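Colleague: got a predicted structure here, sequence first:
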There are 2 protein chains.
Amino acid sequence: MKEERIMLTFKRASSLIKLIELAKTTEASCSSRFFWLNPHSNKLQTNVGYLVAVPIRCITHFPNQRQDEKHKVLPLDVGPVICGTAVSPQEKLVVVSLSDGSENKYPWLWLRDNCQCDRCYSPALHSRTIDWEHFDINITPANISTQDSILGVTWSDGHESTFSLPWLLERGFTPKAQDVWLNEIYKLPRVPWGSADFHKVLRRFSFSHILESDTHLLEWLEWVVTYGLAIVEGTPNRRDQNRRLAERVAFIKKTHYGSACFREEFEVQAKAGASNLAYLATPLQLHSDLLYYEYQPGLNMLHCLVQAAGDEEGKNQFTDCLRLSQILRETQPDVYKMLSTTLVDWSDIGAERGEILTFDNLRMLHGRTGYNNGRSERHLIGVYMDNDMVFSRIRVLREKLRRSPAN
Amino acid sequence: MKEERIMLTFKRASSLIKLIELAKTTEASCSSRFFWLNPHSNKLQTNVGYLVAVPIRCITHFPNQRQDEKHKVLPLDVGPVICGTAVSPQEKLVVVSLSDGSENKYPWLWLRDNCQCDRCYSPALHSRTIDWEHFDINITPANISTQDSILGVTWSDGHESTFSLPWLLERGFTPKAQDVWLNEIYKLPRVPWGSADFHKVLRRFSFSHILESDTHLLEWLEWVVTYGLAIVEGTPNRRDQNRRLAERVAFIKKTHYGSACFREEFEVQAKAGASNLAYLATPLQLHSDLLYYEYQPGLNMLHCLVQAAGDEEGKNQFTDCLRLSQILRETQPDVYKMLSTTLVDWSDIGAERGEILTFDNLRMLHGRTGYNNGRSERHLIGVYMDNDMVFSRIRVLREKLRRSPAN
């Protein structure tokens, strides 16, 4: 199915229904890159929050839903369409005007470089195949047209390019479009919190649910990224279980703390001849791990095999750096005074056997209360993971679950 | 041996000789952190290029050297000593004046925070053990003294700290000291080059030498970091050999390109249903790998198992981004014009069977000429590695070889 045909279907309700069905069932369909049903708003939505341009309410049919959900009323908002184009020769831009009054400007060399035709781009390789060696940097748009919100450009050498509106909006050069891409699509917004909200933020997720269900896996990852912290409970009390959880995400980050028997995992327990403060039973003050790495671990996961015996012993402490930096930013003029007088809030978590503490290593300062090593043999298995892995898994899961929500 | 005793020995030649012997034989000795014999200059040197303060020529004895090297004349330069101290209450600094006329300023809170006494610092853990919870940020230096270039501070609460001059210089706050630390100790300076110097830069290293000798391992790594590129030759023609080389450095970086049979290594060969341009036989234009990662691979190593048959086929191409950015910086006012008119130089490397191309992925744009896939089955095994691994191995090797140069 060609992108052009998708755009044409927007004009009739029956075609739109067909499109929604296609997006739900056709994994490889181009359409599924741009449209999905937002379960919260019940709106048909695109990657950039661009709502489909059909000014109707329609009843549609979803083959993958439960029986009672098979018929739904979809309130569809009217999204903008292209209502004008212009060329700005001085700035070498193509200007696209939308029906909502907004304007999007694209450098024309960038448009030529990103031509999506068969000779310039391979969808199978997800890659341009254009030959830079013979690219004419003096090329200009000879003619510009629009039809059904598709921008067409005929270049000065006769080459022709077309760009759909969703494609253009997803790659917009406006600060807002770039902000949406960077902070909502490519990464997630993070929510700072203080100790007053600690009980709301400290959510527990089931180990077995995460291992069995992509939906739970995504929920847990989104939570950790958004709030910096989550507990995974119900983990079998064996040393190889943290790896099982980690491999639901991606690759474990190897560091020099890899333990003798695991290499990839590290082990936290009091031991003789310790080479690191973490391997003592003393209190461990709030810190982030491995800040002397250039590539510092993003996700930190600590599986509690044995907790210390005493009530107030071996508790993990956390404080949200994001909240601290927010306070600092708001009180900028008196940074030094603030730094030297503000009492830092932290929260204790008494992780129990069977729980994995998962947290954002670069955001959540973490520490530990001391414990009596004679009475208990507190023992944690830890793994690190790069944020590249975490965000990649989130993006892949979102795409997968959008296509097949039953998982 | 305490640090104080080391400093005292500088006053007499006989003690200095004893010190050098200690530094050569005592792995755990504090002294070995600061002094070694520079084989190029034949000077006794410290980490920061600080020369020991003994105004004599002396004959010394090295137990680890070959017989004919056992007696050496060491021309020792005169380095600076502490000749004055002061306190700047307004800036909260301790000022250390040296005999060479230079001045070093240290925030006194930083000095207190970095106190090296047994209660505040553990050499075994390489870590401060100071209790931040009870740290008095209003502390001031009550008295300052120097003896034999050791700075002594008595604090307002009675606590006492001492800091040796080499320790202070290594952690200097002057731009020069920080530059030396960042670009010579912690990382290495990189040398840009154009195609005129290509034949000088393209050095070959022996696979078996690197596997057997730390000296060769260090030489190869320093070369790749300094010039961005090196060839390792004489590699056995088996698919598991690139891993052997990589594991001489540290951990392989896992990426989504891990091949089905290796997981950590990736394989470059033309194949049906390719998902990446690299897996075609077409020319591959100059690029860096995985730039969409936040943690982009630093070192790229490509082991050539089978090269394309034709003379000009399947050649790897490289160009030095560092040189390009240097040109750009020098011609800043006309950036756009320069970018659009400069012809980029690149160099072809026809890697042969048994050779591993090792290069800085973020600096060396690399590409490939096309080849006839019917006539040849060009096949490379690749691994990536983070720069954290590369620089860590270099630092560890430098320290190890300094102590035991025979390896």
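Modeller: Ah, there it is.
Colleague: quick check: residue A:117 touching residue A:155?
Modeller: No. The pair residue A:117 / residue A:155 is not scored as a contact, 11.0 Å apart, by C-beta atoms under 8 Å. For the C-beta atoms, the positions are set from N, CA and C on the backbone; glycine is no exception.
Colleague: list residues touching both of the two?
Modeller: residue A:161 (C-beta atoms under 8 Å, 6 or more residues apart in numbering or on different chains).
Colleague: so those two - more neighbours on which side?
Modeller: residue A:155 (18 against 11; other C-beta atoms under 10 Å in any protein chain shown).
Colleague: got a list of what the more buried one touches?
Modeller: A:112, A:139, A:140, A:141, A:142, A:161.
Colleague: one more pass at 6 Å, please.
Modeller: By C-beta atoms under 6 Å, 6 or more residues apart in numbering or on different chains, residue A:155 lies in contact with residue A:139.
Colleague: how close does it get to residue B:241?
Modeller: Distance of residue A:155 to residue B:241, computed by C-beta to C-beta, to the nearest Å: 48 Å.
Colleague: what's the answer for residue A:172, then?
Modeller: With C-beta to C-beta as the criterion, residue A:172 and residue B:241 are 48 Å apart.
Colleague: test my guess that residue A:382 contacts residue A:264.
Modeller: No. Residue A:382 is beyond contact range of residue A:264, at 10.3 Å (criterion: C-beta atoms under 6 Å).
Colleague: more neighbours, the two?
Modeller: residue A:382 (23 against 17).
Colleague: any idea how many residues pack against the residue nearest to residue A:263 when sequence neighbours are not counted?
Modeller: Sequence neighbours aside, residue A:254 is the residue nearest to residue A:263 in space, at 6.9 Å (criterion: C-beta to C-beta, 6 or more residues apart in numbering or on different chains). When neighbours are defined as other C-beta under 10 Å, residue A:254 has 20 of them.
Colleague: swap in residue A:123?
Modeller: 11.
Colleague: ranges for the strands of the stretch 151-300 of chain A?
Modeller: A:160-164, A:204-206, A:229-233, A:266-268, A:284-287, A:299-306 (DSSP state E, counting those that start in this stretch).
Colleague: by contact count, what packs against the fifth one?
Modeller: What it means is strand A:284-287. When contacts are defined as 3 or more C-beta pairs under 6 Å, 6 or more residues apart in numbering or on different chains; DSSP states H and E, strand A:284-287 sits against strand A:364-368.
Colleague: over to the longest one?
Modeller: Counting contacts by 3+ C-beta pairs under 6 Å, 6+ apart, strand A:299-306 packs against strand A:356-360, strand A:379-385.
Colleague: redo that, cut-off 10 Å
Modeller: helix A:214-227, strand A:229-233, helix A:241-247, strand A:266-268, strand A:356-360, strand A:364-368, strand A:379-385, helix A:387-403 (3 or more C-beta pairs under 10 Å, 6 or more residues apart in numbering or on different chains; DSSP states H and E).
Colleague: so the fourth one, near chain B or not?
Modeller: By that I understand strand A:266-268. No. With C-beta under 10 Å from any C-beta of the partner chain as the criterion, chain B is not reached by strand A:266-268; the gap is at least 13.3 Å.
Colleague: quick one, helices of the stretch 101-250 of chain A?
Modeller: A:108-113, A:165-170, A:175-180, A:198-201, A:207-212, A:214-227, A:241-247 (DSSP state H, counting those that start in this stretch).
Colleague: what residues of the last one count as buried?
Modeller: In other words, helix A:241-247. By neighbour count on 16 or more other C-beta atoms under 10 Å in any protein chain shown, the buried set for helix A:241-247 is A:241, A:242, A:243, A:245, A:246.
Colleague: which among those gets closest to residue B:133?
Modeller: residue A:242 (30.0 Å; C-beta to C-beta).
Colleague: do I have it right that the closest one meets residue A:249?
Modeller: No. If you go by C-beta atoms under 10 Å, residue A:242 and residue A:249 don't touch, sitting 11.4 Å apart.
Colleague: shared neighbours, the two?
Modeller: A:301, A:358, A:383 (C-beta atoms under 10 Å, 6 or more residues apart in numbering or on different chains).
Colleague: so among those residues, where is pLDDT lowest?
Modeller: Lowest pLDDT within the shared contacts of residue A:242 and residue A:249 is found at residue A:383 (81).
Colleague: give the contact list for that one.
Modeller: Counting by C-beta under 10 Å, 6+ apart, the residues that residue A:383 touches are A:242-243, A:245-247, A:249, A:252-255, A:258, A:262, A:264-266, A:297, A:299-303, A:356, A:358.
Colleague: tell me which residue lies nearest the centroid of chain A.
Modeller: residue A:187 (3.9 Å; C-alpha atoms, centre = their mean).
Colleague: okay, the shared contacts of residue A:242 and residue A:249 in JSON lines with distance to residue B:317 next?
Modeller: Conversion of the shared contacts of residue A:242 and residue A:249 to JSON lines gives the following (distance: C-beta to C-beta, whole Å):
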{"residue": "A:301", "distance to residue B:317": "42"}
{"residue": "A:358", "distance to residue B:317": "44"}
{"residue": "A:383", "distance to residue B:317": "39"}
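Colleague: which one of the residues you listed is nearest residue A:209?
Modeller: The closest of the shared contacts of residue A:242 and residue A:249 to residue A:209 turns out to be residue A:358 (C-beta to C-beta; 14.1 Å).
Colleague: OK, contacts around the closest one?
Modeller: A:205, A:210, A:220-221, A:223-224, A:228-232, A:242, A:245-246, A:249, A:299-303, A:383, A:385.
Colleague: for it, which non-adjacent residue is closest in space?
Modeller: Nearest to residue A:358 is residue A:301, by C-beta to C-beta, 6+ apart, at 4.7 Å.
Colleague: what sits against that neighbour?
Modeller: Going by C-beta under 10 Å, 6+ apart, residue A:301 touches A:224, A:230, A:232, A:242-243, A:245-246, A:249, A:252, A:265, A:356-359, A:361, A:380-385.
Colleague: change it to 6 Å
Modeller: Counted by C-beta under 6 Å, 6+ apart, residue A:301 has contacts A:242, A:356, A:358, A:383.
Colleague: I'd assumed residue A:303 was in contact with the first one.
Modeller: By that I understand residue A:242. Yes. Counting by C-beta under 6 Å, residue A:242 does reach residue A:303; the two are 3.9 Å apart.
Colleague: residues of chain A that sit close to chain B?
Modeller: For chain A, the residues in contact with chain B (C-beta under 6 Å from any C-beta of the partner chain) are A:125, A:127, A:132, A:137, A:251, A:254, A:277, A:285, A:293-295, A:340, A:386, A:388.
Colleague: just the buried residues of those.
Modeller: Buried, going by 16+ other C-beta under 10 Å: A:251, A:254, A:277, A:285, A:293, A:295, A:386, A:388, out of the residues of chain A next to chain B.
Colleague: pipe these into JSON lines and attach distance to residue A:101 and pLDDT per row.
Modeller: Formatted as JSON lines, those follow (distance: C-beta to C-beta, whole Å; pLDDT from 0 to 100):
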{"residue": "A:251", "distance to residue A:101": "47", "pLDDT": "89"}
{"residue": "A:254", "distance to residue A:101": "53", "pLDDT": "88"}
{"residue": "A:277", "distance to residue A:101": "59", "pLDDT": "75"}
{"residue": "A:285", "distance to residue A:101": "54", "pLDDT": "79"}
{"residue": "A:293", "distance to residue A:101": "48", "pLDDT": "85"}
{"residue": "A:295", "distance to residue A:101": "44", "pLDDT": "89"}
{"residue": "A:386", "distance to residue A:101": "42", "pLDDT": "87"}
{"residue": "A:388", "distance to residue A:101": "38", "pLDDT": "84"}
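Colleague: that concludes my questions; thank you for your assistance.
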